[in-house]
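Chemist: need a structure here:
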Amino acid sequence: MMNFINRQNRYVVIAISAIVLLVLPLILQQGGNAWVRIADAALLYVLLALGLNIVVGYAGLLDLGFVAFYALGAYMFGLLASPHLTDTFASIGAAFPGGLHIPLWVVIPAGAAIAGIFGILLGAPTLKLRGDYLAIVTLGFGEIIRVFLNNLDHPVNITNGPKGLNQIDSIHFWGLNLGKPLDVFGFQIASVSLYYYLFLGLVLVSVVICHRLELSRIGRAWMAIREDEIAAKAMGINTRNLKLLAFGMGATFGGVSGSMFAAFQGFVSPESFSLMESVMIVAMIVLGGIGHLPGVIMGAVLLSALPEVLRYVAGPLQAMTDGRLDSAILRQLLIALAMIIVMLWRPRGLWPTPEHGKSLQSAQK
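Modeler: Residues are numbered from 1 along each chain as shown. Predicted structure coming up:
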């Protein structure tokens, strides 16, 4: 009987959450598109955090260059959905006189594929590395990709260098252009709200994939490698292939998120994929709870939305000090203080896995 009641409560919570998520952008857009853009950015960071959680949370491989896959997905879409290639290369312009306009069902698999391939290429030479050494190598990979994107404008202009790619097409499918508002029964749904629903759908699919992976044989093998790689290898687990699979699977999420970012912004440049982005994504996982999907989602939402919300706090504080404190620096200070307080208060994260919580309680006893 108790199980039936708990199941009913669970369904009620899911139904209420679904209604809130569906109505949220329609309410936020009444206060301006800026609030909906914050929600859109939060969903993109949730996608990134879910991907990195496969590598760090499940397999225990510290990756500080995850933003490279984000950049690869963004530039892939930027090159295939902007006039840059057709304007730069006459042969491509002749082959596609109407320009390159890639549909959604090509964008998502292509972004996942190119990022997954580079993820495996990154994982292959790092199979014997662990801990700090692995973190340094992945950090270097992320910076190499950014530097390449910044300098591939000569002798052949592929990425347009530090100027970036602009005039990128918005997402369109089934006659629906997400770059334009949509009228439904006299009610106008803003473009940013349409992107919200697309990103929300991708996040829900990603959560289902990650949840099934966690419960699968592969997920259990990843966690065995995370806890003790030598013991996992002794038990017959193919640690090499599983590590490569973790890098590849995690990277696909970054590639998809990057392609969505390029379509949403309409512009990409190397500045958007700095080391701080990778550090922030890792911080989202640690803050929320490593390896726990609800915690990872919570950490991503909080750390992506908090800087934008604090803009409204840092501005008045700057005015109170007669401009002596820069609002941007003050905002970063407030974020850092909030993270330090949370990690001192909840060292396992805001929403750790139940196993971590049990082990911590037993250790305290």
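Chemist: can you give the domain ranges for the protein?
Modeler: Listed domain ranges for the chain are 1-31, 38-275 (source: automatic domain parsing).
Chemist: among those domains, which is the most enclosed?
Modeler: domain 38-275 (a mean of 19; mean count of other C-beta atoms under 10 Å). Every C-beta, even on glycine, is put in place using the N, C-alpha and C of the backbone.
Chemist: quick one: end-to-end length of that domain, please.
Modeler: From its first residue to its last, domain 38-275 covers 21 Å (C-alpha to C-alpha, to the nearest Å).
Chemist: need the domains of the chain in JSON lines with mean pLDDT and distance to residue 286, can you?
Modeler: Listed next are those as JSON lines, based on pLDDT from 0 to 100; distance: least, C-beta to C-beta, whole Å:
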{"stretch": "domain 1-31", "mean pLDDT": "79", "distance to residue 286": "25"}
{"stretch": "domain 38-275", "mean pLDDT": "90", "distance to residue 286": "9"}
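Chemist: let me have those domains in JSON lines, extended by distance to residue 345.
Modeler: What follows is those, written out as JSON lines (distance: least, C-beta to C-beta, whole Å):
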{"stretch": "domain 1-31", "distance to residue 345": "25"}
{"stretch": "domain 38-275", "distance to residue 345": "21"}
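Chemist: other SSEs contacting the helix or strand encompassing residue 133?
Modeler: Assigned by DSSP states H and E, residue 133 belongs to helix 131-151. On a contact count with 3 or more C-beta pairs under 8 Å, 6 or more residues apart in numbering; DSSP states H and E, helix 131-151 meets helix 67-80, helix 275-288.
Chemist: using CSV, write out every CA atom in stretch 249-264.
Modeler: Provided in CSV are the C-alpha atoms of stretch 249-264 (Å, rounded to 0.1, in the frame of the first residue of the first chain):
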residue,chain,number,x,y,z
MET,A,249,29.7,9.5,-25.0
GLY,A,250,30.4,12.5,-22.8
ALA,A,251,31.7,14.5,-25.8
THR,A,252,28.6,13.9,-27.9
PHE,A,253,26.5,15.9,-25.4
GLY,A,254,29.0,18.7,-25.7
GLY,A,255,28.8,18.7,-29.5
VAL,A,256,25.0,18.8,-29.5
SER,A,257,25.0,21.6,-26.9
GLY,A,258,27.6,23.6,-28.9
SER,A,259,25.5,23.3,-32.2
MET,A,260,22.5,24.5,-30.3
PHE,A,261,24.5,27.4,-28.8
ALA,A,262,25.6,28.5,-32.3
ALA,A,263,22.0,28.5,-33.6
PHE,A,264,20.7,30.3,-30.6
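Chemist: closest one to residue 134 among the helices and strands packed on helix 131-151?
Modeler: Minimum separation from residue 134 across the helices and strands packed on helix 131-151 (C-beta to C-beta) falls at helix 275-288, 12.8 Å.
Chemist: can you list the residues that contact that closest one?
Modeler: Helix 275-288 is contacted from outside by 45, 48-49, 52-53, 56-57, 62-67, 70, 139, 142-143, 294-300, 302-304, 339, 342-343, 349-351, using C-beta atoms under 8 Å, 6 or more residues apart in numbering.
Chemist: dump the helices and strands packed on helix 131-151 into a markdown table; add distance to residue 147 as well.
Modeler: Shown next, in a markdown table, are the helices and strands packed on helix 131-151 (distance: least, C-beta to C-beta, whole Å):
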| stretch | distance to residue 147 |
| --- | --- |
| helix 67-80 | 11 |
| helix 275-288 | 11 |
